[in-house]
Every structure is written in C-alpha cells, then in structure tokens.
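*Asks:* how would this look folded up:
(one chain, ligands or ions: 1)
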Amino acid sequence: MINFLRGVPADESLEKISPLVAEGYKEAINKYGATVLQYGHFGGFKPLRDILGEIYNTDPERIIAGNGGLEVISLFFKSLPPNSTIIVEEATYDRVLLDAMQYGHKVVGVEMTSEGVNSDDLERLLREIPAGSAKVFYGIPFHQNPTGITYTEENRKAVEEICGKQDAICAWDVCYESLRYDGNKNTPIEVSDGGPILMSSFTKTISPGTKCGYMVLPKEMIGHVTNVIANTRINPNLPTQAFIAEFIKSGKYDEFQNVLCDLYKPRMDALNTAMEAHFSETDPVRATGGFSVLLNMPEITEEKEDLFVKSAKEAGVSIGSASAVFAPNILEKNRGKGFFVRTPFPALEPEQIGQGIATLKEVKQSVIGGL
Ligand SMILES: Cc1ncc(COP(=O)(O)O)c(C=O)c1O
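*Replies:* Predicted coordinates for the structure are as follows:
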C-alpha cells in the first residue's frame, strides 16, 4: 500500500537518529540530574531557551519552550481574548484550525498565491474584522503545510507590514525552515521587540516522539502567556529539552538536518517529476522542501469523491479528502472546484511516490470515464 495519508518522518531517519537520542538523553540526565527530573520553569528549560535566544538573536526570556509546536500554538490561542479572529492561509495545518475553533476563535482563510498570500485579500479581511475582536494572522512561510508554497521574502515582509498597520499580531510557524532539499537555504526571519511571533517544532527535524517545540514572543506578551501556561501544564518535559539543548550546542543537530535533506531530496524530486508528468494541467506547486504539496483534481466532483478514494485504495494508494485543511469561508468558496488531496512524501521511497501519483492519475481517468 502506498500511503499518502500520513505526514510523518521516514522510519530510516528515526533509525539513524536513534543512537544519538539514546546517548543524548543519557548525557542530559547525567549532566543535569535532579534538575530535569524535578518541576521546572513554565517557560521551559533555561539552557534550551538560552541557545534558542542566541539563534534568534533575542532575549531568552522571550522564548517559551514546550511539548511540541502544536502545544505552544495552542497555548498562544488560549492566551488570546475570547472571540479573537485568526486569519489563516486558505489551506493550513488542520489541527491549528480545530484548536483555534475549540477556544471559540473565528478562523478565516486568506487567498494564497505562488508567492505567499494575496496581500490585498489579507488587508481586506483584516479591515473587515469587527472592532473589539483581537486580530491575528497565522502563516507557515517555508514549505507551507499542505500546499508546499514558500513565501518570497517580499511577500512575507508585506504581510508583516500589513499586520503592523492593522494592529494585528503576525505569527509565523517556521517548523519546515531547515527542511529545504533543493540545495538552497531559507533566510531566517528576524524578530524585533514587537514581533513577529515565531513558532517552531523539532517534530520533523528530530522526531515526533521526543515532542518539543517553542515560540518567540514579543516581551510584553510573556507575562500573560506565562500565566496561561502556569495554569495549564506547569513545566514541559525537561529531559527532552536538556537533550535538545546539548544536541544543538554540539553541532549534531545541524549535521542531522543535512542527513534529512539528503534523504528527502530524491523523494521530493520523484514527487515533482511525477506531478509534472501526470498533473501538469493543474499546475501543482513544485516542492523545494517540506513534507507535502496539495493536489487539486477539478474533475473529481463531490459525488465522485467516495468512488475515487475507494478505487485508489483498491489500486494500492491510500488517500483522503483534504477538506479539513480549509477554513469555513474557503470550504464554501471551493465548492465546485473538485477534490483536494495532500501528498506527504518523506516517508515513501521515490519509486512508491512515482507509482502512487501515476496510479492516482489512472484512477482519476477511470472514475471520470466510468461515470
Ligand atoms: C505547520 C505545522 N506546525 C506544527 C506542527 C506540529 O508539531 P508538533 O508535532 O511539534 O506539535 C506540524 C506538524 O505536522 C506542522 O505541520
């Protein structure tokens, strides 16, 4: 079975890092002993905050290290006033949508372009937010999940400027920044005293099981967010944070990013080649890194969806509708635009990716022809 349902790291990457993790936890416990086994600071393990402060050239007090990217995002959402409006990209990380709505916030999708987001649309949406509702933009600027789009620096800065002018908080989730496989490096985002907020995760760059993420907040938000954390989970997992702090300091973390890029490059190339060969008519994004791109099949209309998914499964490819990645206003707008499917590729061999995409094309043809 070729599985396009799960955006997980390759097992080979976890096998490669496993001895380093084993050694890292042992060293962390030996070095920090009871300190990392006792209750600790709400904001995370100090040495990890210090090293992240150095990386982002900012005061470590502004860094909150937590149990994963989603946890820090969730804590941020929890810290917002009730009924805040969160603007997200037209397709986004589905759990962020669910989590924001769980707190009672309103989520609204902004149009995307091949360069990032449509800045006119963003400006309009921010202007339409009723007075009294806090405004936030949440975006994934590098190898966006799920579209694969990387913002141009110009577009990213334009978004920050628009947010600044409209009194909106700009939050960038940069968890795919180091996962660029085309030989280029992404330019890190600079943070000033007032923002933007940066959020990230070591799930895709180390392992999901070790579960660690962080955010860089403007100084004036720290007190309030810390209170929310104090009432939610007290300290995060400290042995993990001690391991990661030492792993980064030793240089092994950066070395491992190169291992990942070498492992994932042929997989990305296989995806791009197969997309070009079989779905060029819908002009899918050419991946330069990250974990997936989003494929649209306009001919697979709503009534053909179930048959398409079932036929794909019978042909050996597991897929699902990507409808959960769209905010309610975008779901409405996408009515009649056909089927959307995510294509997470890092856990698949290049041959499987090529075969999987080719099979989707064949199944599509037979479903269109057969109805
Ligand atoms: C954009 C984005 N942010 C955050 C996360 C979650 O990271 P974590 O597993 O650290 O909670 C993911 C995981 O897929 C993601 O794609």
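
*Asks:* what's the distance between residue 219 and residue 245?
*Replies:* Counting by C-beta to C-beta, to the nearest Å, the separation of residue 219 from residue 245 is 22 Å. Glycine gets a C-beta too; all of them are placed from N, C-alpha and C.

*Asks:* Same drill for the two, tell me which one is more crowded.
*Replies:* residue 245 (26 against 12; other C-beta atoms under 10 Å).

*Asks:* tell me the contacts of the more buried one?
*Replies:* Residues near residue 245 by C-beta atoms under 8 Å, 6 or more residues apart in numbering: 28, 45, 47-48, 50-51.

*Asks:* Can you pull the poorly scored residue ranges out of the protein?
*Replies:* For the chain, applying pLDDT under 70 flags the ranges 370-371.

*Asks:* any idea how it splits into domains?
*Replies:* 2-10+254-370, 17-250 (automatic domain parsing).

*Asks:* closest to the ligand out of those?
*Replies:* Within these, the stretch nearest the ligand is domain 17-250; the backing value is 3.1 Å (C-beta to the nearest ligand atom).

*Asks:* how long is the closest one end to end?
*Replies:* 14 Å (C-alpha to C-alpha, to the nearest Å).

*Asks:* So that domain, near the ligand or not?
*Replies:* Yes: counting by C-beta under 6 Å from any ligand atom, the ligand has neighbours in domain 17-250: 68-70, 93, 140, 145, 173, 175, 201, 203, 208, 213.

*Asks:* Any of those residues buried? List them.
*Replies:* Buried subset of the residues of domain 17-250 next to the ligand (neighbour count, 16 or more other C-beta atoms under 10 Å): 68-70, 93, 140, 145, 173, 175, 201, 203, 213.

*Asks:* Those residues: which two are farthest apart?
*Replies:* Within these, 68 and 140 form the most distant pair, 15.4 Å apart (C-beta to C-beta).

*Asks:* Filter the residues of domain 17-250 next to the ligand down to just the ones in strands.
*Replies:* 173, 201, 213 (DSSP state E).

*Asks:* So which bits of the helix or strand hosting residue 272 are buried?
*Replies:* Here residue 272 is covered by helix 252-279, with elements defined by DSSP states H and E. Using 16+ other C-beta under 10 Å as the test for burial, helix 252-279 gives 253, 256-257, 260-261, 263-265, 267-272, 274-275, 278-279.

*Asks:* Also stretch 56-76?
*Replies:* 56, 58, 60, 62-76.

*Asks:* That one spans what distance, first to last residue?
*Replies:* Note: stretch 56-76 ends 19 Å apart using C-alpha to C-alpha.

*Asks:* and it, how far out from the chain's middle?
*Replies:* 15 Å (C-alpha atoms, centre = their mean, to the nearest Å).

*Asks:* Repeat that for stretch 68-77.
*Replies:* 12 Å.

*Asks:* contact partners of it?
*Replies:* Taking C-beta under 8 Å, 6+ apart as the rule, stretch 68-77 contacts 64, 66, 86, 95-96, 99-100, 103, 105, 138, 171, 173, 175, 197, 199-201, 203, 211-215, 217, 225, 228-229, 232-233, 236.

*Asks:* Try it again at 6 Å.
*Replies:* 64, 66, 95, 99-100, 103, 175, 199, 201, 211, 213, 215, 228-229 (C-beta atoms under 6 Å, 6 or more residues apart in numbering).

*Asks:* just stretch 96-103 next, same as before
*Replies:* 74, 77-78, 86, 107.

*Asks:* most surrounded residue in these?
*Replies:* Most surrounded of these: other C-beta under 10 Å gives residue 86, at 27 neighbours.

*Asks:* part of a strand, is that one?
*Replies:* Yes: Residue 86 forms part of a strand when assessed by DSSP: H, G, I helix; E, B strand; the rest coil.

*Asks:* Specify the next element, helix or strand, located C-terminal of the strand or helix carrying residue 295.
*Replies:* Assigned by DSSP H and E, residue 295 belongs to strand 294-297. Using DSSP H and E, the helix or strand that follows strand 294-297 in sequence is helix 305-314.

*Asks:* can you give me the end-to-end distance of stretch 103-115?
*Replies:* 31 Å.

*Asks:* gap between the residue lying closest to residue 305 once chain neighbours are set aside and residue 301?
*Replies:* Once flanking residues are discounted, residue 305 sits nearest to residue 339: 5.7 Å by C-beta to C-beta, 6 or more residues apart in numbering. Residue 339 is 8 Å from residue 301, where distance means C-beta to C-beta.

*Asks:* No further questions, thank you.
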